[in-house]
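Q: My questions are about this predicted structure, shown below with the sequence.
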Amino acid sequence: MTRPRLYSGMQPSADSLQIGNYIGALMQWRELQQSYDAYFSVVDLHALTQPNDPAELREKTRRTAAQYIAAGIEPSKSTLYVQSHVPQHAELAWVLSTITGFGEAGRMTQFKDKSARYGTDATNVGLFTYPVLMAADILLYQTDVVPVGDDQKQHVELTRDLAERFNNRYGATFAVPRPVIQKDTARIFDLQNPTAKMSKSAESDAGVLWMLDDPSVSAKKIMRAVTDSDGSVRFDREAKPGVSNLLVIYAALTGRQIPAIEDEYAGRGYGDFKKGLAEVVVGEFGPVRDRALALLDDRAELDRVLAANAAKASEVAGATLNDVYDRIGLLRRV
Ligand code: TYM
């Protein structure tokens with residue numbers, strides 16, 4: 001019996017992933033790869049929408065792949081590859097861009113945020129068409145589900161719209177995917193600014209927990225996390241965003257329920273709670289970090305794994321793109 005298909009990816013936009021990526025996405029990926037035919041890419045073409053030093057981009061791409069594996073993605077079970085190794089992504093993105101409305105693309109909130117942040121002169125066309133490339137990633141693989149954090153939901157909705165539009169115009173070609181978003185952990189916030197999403201591209205490093213940070217650095221960042229003056233370890237998103245965020249991280253990494261953690265720390269101060277969380281974070285990421293660094297010690301082996309997986313991905317992507325080219329009327333080379 002064929003398993004339903006799953007697709008997801010991350011940008012190699014920093015030397016390390018941050019724990020929002022881990023809790024919001026990687027933990028689900030690890031679990032879902034058991035029951036889905038899963039494809040996970042390192043989306044290096046997407047990362048080109050920001051300025052990059054070429055050597056650093058190559059390094060970040062390998063590091064991102066190593067962190068997927070270190071976090072439990074099994075390259076013998078799932079197809080883990082680098083987006084640019086499969087040229088059909090860029091080719092399908094072009095076709096999809098011709099059925100995407102200008103206004104439709106302009107309504108994507110991530111584009112609006114980024115272009116507002118960088119200003120029109122620094123905003124490139126790639127940033128505008130970014131969600132169309134993401135749709136191509138997903139649709140090439142006849143994907144059923146896309147596990148992401150909630151910041152990507154709108155992009156997956158656009159992907160659905162494009163799939164349906166294409167299917168209506170040219171006949172059933174693409175599976176119509178649905179987003180899978182874990183409600184409780186869909187958004188992990190910055191430790192210093194607990195109403196802003198934790199992000200690889202945050203302006204300050206102090207509120208970001210990097211997966212590859214030295215454990216002592218992570219512990220320090222947790223001890224310094226912004227809380228409030230109320231003093232009780234209690235979940236209340238509105239009134240206590242800092243403490244609530246820490247509780248979500250604690251619960252996600254331990255698999256415990258938030259009320260049980262509140263009970264454990266009732267009548268104790270934030271210092272104790274943060275110390276407890278620091279132990280949890282260091283316990284979880286210490287081994288992940290060690291595994292990732294070990295994988296990066298043997299780059300030839302890592303590159304070999306990525307190449308073998310890209311070959312597998314190309315077969316599926318090639319079949320979909322051929323079908324698309326036939327349907328839209330491109331003359332095929334004989
Ligand atoms: P990226 O690289 O920004 O993030 C990767 C994944 O991590 C999730 N995430 C978070 N979840 C919870 N809290 C946070 N603070 C947090 N920060 C990030 C994101 O939601 C995402 O799931 N456009 C995508 C990459 C992409 C993709 C795809 C994803 C390209 N093609 C196809 C799925 C399918 C992105 O920039 O993710």
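A: Yes, it's here. Model, not experiment: these values are computed from the prediction.
Q: Can you list the buried residues in whichever strand or helix holds Ala219?
A: Ala219 belongs to helix 215-223 when assigned by DSSP states H and E. By 16 or more other Cβ atoms under 10 Å, the buried positions in helix 215-223 come out as Ser218, Ala219, Lys221, Ile222. Every C-beta, even on glycine, is put in place using the N, C-alpha and C of the backbone.
Q: Tell me which residues touch the third one, please.
A: Contact partners of Lys221, counting by Cβ atoms under 8 Å, 6 or more residues apart in numbering, are Leu191, Ala206, Gly207, Val208, Leu209, Asp213.
Q: Could you single out the nearest of the residues you listed to Tyr170?
A: Proximity of the contacts of Lys221 to Tyr170 (Cβ to Cβ) peaks at Val208, which lies at 43.7 Å.
Q: Which residue is it, in the stretch 201-334 of the chain, that comes closest to the ligand?
A: Here the stretch 201-334 of the chain gets closest to the ligand at one residue, Ser201, 8.3 Å apart by Cβ to the nearest ligand atom.
Q: hmm, back to that, turn the buried residues of helix 215-223 into JSON lines, columns for distance to Pro4 and pLDDT.
A: Converted to JSON lines, the buried residues of helix 215-223 look like this (distance: Cβ to Cβ, whole Å; pLDDT from 0 to 100):
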{"residue": "Ser218", "distance to Pro4": "36", "pLDDT": "96"}
{"residue": "Ala219", "distance to Pro4": "40", "pLDDT": "96"}
{"residue": "Lys221", "distance to Pro4": "38", "pLDDT": "97"}
{"residue": "Ile222", "distance to Pro4": "38", "pLDDT": "98"}
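Q: Which ones, among these, also lie beside the ligand?
A: Among these, no residue lies close to the ligand (Cβ under 6 Å from any ligand atom).
Q: Which residue ranges of the protein form helices?
A: Secondary structure of the chain by DSSP state H: the helices cover 19-21, 27-32, 44-47, 54-70, 88-97, 102-106, 109-118, 125-140, 153-170, 215-223, 241-254, 258-264, 270-296, 299-328.
Q: can you tell which of these is closest to Asp230?
A: Asp230 lies closest, by Cβ to Cβ, to one member of the helices of the chain: helix 241-254, at 8.0 Å.
Q: for the record, mean pLDDT for the closest one?
A: Regarding helix 241-254, the rounded mean pLDDT is 97.
Q: likewise stretch 302-322?
A: On average, stretch 302-322 scores 98.
Q: ok, residues contacting that stretch?
A: Residues outside stretch 302-322 that contact it (Cβ under 8 Å, 6+ apart) are 39, 41, 62, 65-66, 69, 75, 79-82, 85-86, 88-89, 91-92, 139-142, 173-174, 295-296.
Q: And for the closest residue to the ligand within the stretch 1-150 of the chain, the neighbour number?
A: Closest contact between the stretch 1-150 of the chain and the ligand, by Cβ to the nearest ligand atom, is at Gly24 (2.0 Å). Using other Cβ atoms under 10 Å, Gly24 is surrounded by 25 other residues.
Q: ok, now Pro87?
A: With other Cβ under 10 Å as criterion, Pro87 counts 13.
Q: Equivalent analysis for Glu301, please.
A: 10.
Q: List the residues that contact the closest residue to Arg165 other than its chain neighbours.
A: In this structure, Arg165 finds its nearest non-sequential neighbour in Ile99, 5.6 Å apart by Cβ to Cβ, 6 or more residues apart in numbering. Going by Cβ under 8 Å, 6+ apart, Ile99 touches Leu162, Arg165, Phe166, Arg169.
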